[in-house]
Each structure stands twice: as C-alpha cells, then as structure tokens.
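>>> Got a sequence here, can you model it:
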Amino acid sequence: MIIGRLRGEIATVGTDSVMIDVGGVGYVALAGSRLLSRLSPGEKAELHIETRVTESSITLFAFESDEARAWFVRLQDVPGVAGKSAMAIMDALSPPEILDALATGDAATITRAKGVGKKLAERIVGELSGKPPPMGRFGAFAPATSKSSTEADSAPASGARSEAVSALVNLGYPQADASRAVLSASRNDPQADVSALIRAGLKELSTS
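Residues are numbered from 1 along each chain as shown. Model (predicted):
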C-alpha cells in the first residue's frame, strides 16, 4: 500500500517526526524541523506523503506540499544523495529556492542544508541543472489547502515558473537558458502568472 496524502488531526509532534490521526489511526511520518515547527497537537492538517518500502520496514516522509515531496524524490536521483540528505535539503530550502539555485548554478545555497558539503552540493547542481522541475504524482501540483502548509504562498508562484520554463523549452530554448530567463522575470514581478512570465522570459531571451 502506497500512502500519498494524509488529512486529519495532529496527535503528536516529535523532534523529527509527526503523528497524524486519520479516522482513529495514528500514522507516524518523518518530517523536517521547518514543517514540524508549524504543526501543533489538536490542529487539523494535510500532509503529503512519500512512502518508502523495504523488506524490513515501511517509512513515511511528510511534506507540506506535493511539490516539496517531488523535489525530495528528484534530489535522490543524484548519486550520493540518500533520504537523509534529501530531507535536510528540503528542510533548509523551499522548492523555489532549490529551483533558483539550480538555475543560477549556486551550489553554496545548497550547502545551507545540514550535512551537505560543497562537493555534494556541486554534484547536485551539476546533475540537476538544466533539467525540468519535477512534476506531481499525476502531472500537476495540487494547491496547498492545509493551514499548516509552510509553502502555501510560494507554491503557486513556483508552479507558474515551472510551467513558464516548460513552455519556453517547448519553443526550442535550452532548459538552462529558459530557467534563467524565467527566474529573472519572476524576480522582477514575483506575482506574475504563467503568461506574464512567458512574455517576460521571451523578452529576456531575445536580449541575451
């Protein structure tokens, strides 16, 4: 059984995990300190879950959004990045910050994650820079609905940027160039929608 999302009442918040009560069943999931700091016992919450199954155990990892969960999975495509390192990166950086670091080749930002050194950060940038952002389980990210979600405000903006980058790539621009152009456009107008980002990105690309 693969668990993708849990919606219920927070029962207990630990140092590295949370128990959420769903219909009288308590599910325990590992989580980063940033998410845990926003959860309180008795509060209603929705957690996006990555399920890892081995011969000896089933481990749940909790995230505030499906986008964060998708980046957790994507990071582990890089040799040397296991679950612990990926969780540390997701705890230190939001999906938009990871996207920005990859678009600009900024390995130093990734070293903000606990236990992630310069060499590993450079490998992550080298492996993932120029690749399209990860998508949700079914091709698109669902908007965050829980008041406990830590990226409720930034997730839509990041999703618009991902769509804009994809559109520019479909027009024939290299992934890395498209990412940098959309990043620049989003910094000039953080509230820009997909269409505005595409237009601004095209303008940026035409002058570069």
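>>> Next up, the contacts around the residue nearest to S17 when sequence neighbours are not counted.
Sequence neighbours aside, L30 is the residue nearest to S17 in space, at 5.1 Å (criterion: Cβ to Cβ, 6 or more residues apart in numbering). Bear in mind the C-beta positions are built from the backbone N, C-alpha and C, glycine included. The contact partners of L30, by Cβ atoms under 8 Å, 6 or more residues apart in numbering, come to D16, S17, T59, L60, F61, A62, M87.
>>> Show me those that map onto strands.
For these, the ones inside strands are S17, T59, L60, F61, A62, with DSSP state E as the criterion.
>>> Run a quick neighbour tally on the nearest residue to the second one once chain neighbours are set aside.
Right, the one you point to is T59. Using Cβ to Cβ, 6+ apart and skipping the chain neighbours, the partner closest in space to T59 is R52 (4.6 Å). When counting by other Cβ atoms under 10 Å, one arrives at 13 neighbours for R52.
>>> List the buried residues for the host helix or strand of R52?
Assigned by DSSP states H and E, R52 falls within strand 44-53. Burial within strand 44-53, assessed by neighbour count using 16 or more other Cβ atoms under 10 Å, is assigned to A45, E46, L47, H48, I49, E50.
>>> E67: which of the residues you listed is nearest?
Of all these, E67 sits closest to H48, with 8.5 Å by Cβ to Cβ.
>>> rewinding a little: for the ones in strands among the contacts of L30, which one is nearest R74?
Using Cβ to Cβ, F61 is the member of those that lies nearest R74, at 13.5 Å.
>>> Contact partners for that closest one?
By Cβ under 8 Å, 6+ apart, the residues touching F61 are A29, L30, A31, I49, E50, T51, R52, R69, F72, G83, M87.
>>> Got the confidence number for the residue lying closest to the last one once chain neighbours are set aside?
If you skip the residues right next to it in sequence, M87 has G32 as its closest partner in space, 5.8 Å away by Cβ to Cβ, 6+ apart. We note a pLDDT of 95 for G32 in this prediction.
>>> just the buried members of the ones in strands among the contacts of L30?
L60, F61, A62.
>>> circling back: tell me which of the ones in strands among the contacts of L30 is nearest to L39?
Distances from L39 to the ones in strands among the contacts of L30, taken as Cβ to Cβ, are shortest for A62 (9.1 Å).
>>> okay but that closest one is in contact with A45, surely?
No: using Cβ atoms under 8 Å, A62 makes no contact with A45, being 9.4 Å away.
>>> Identify the contacts common to the two.
Residues touching both A62 and A45 by Cβ under 8 Å, 6+ apart: I20.
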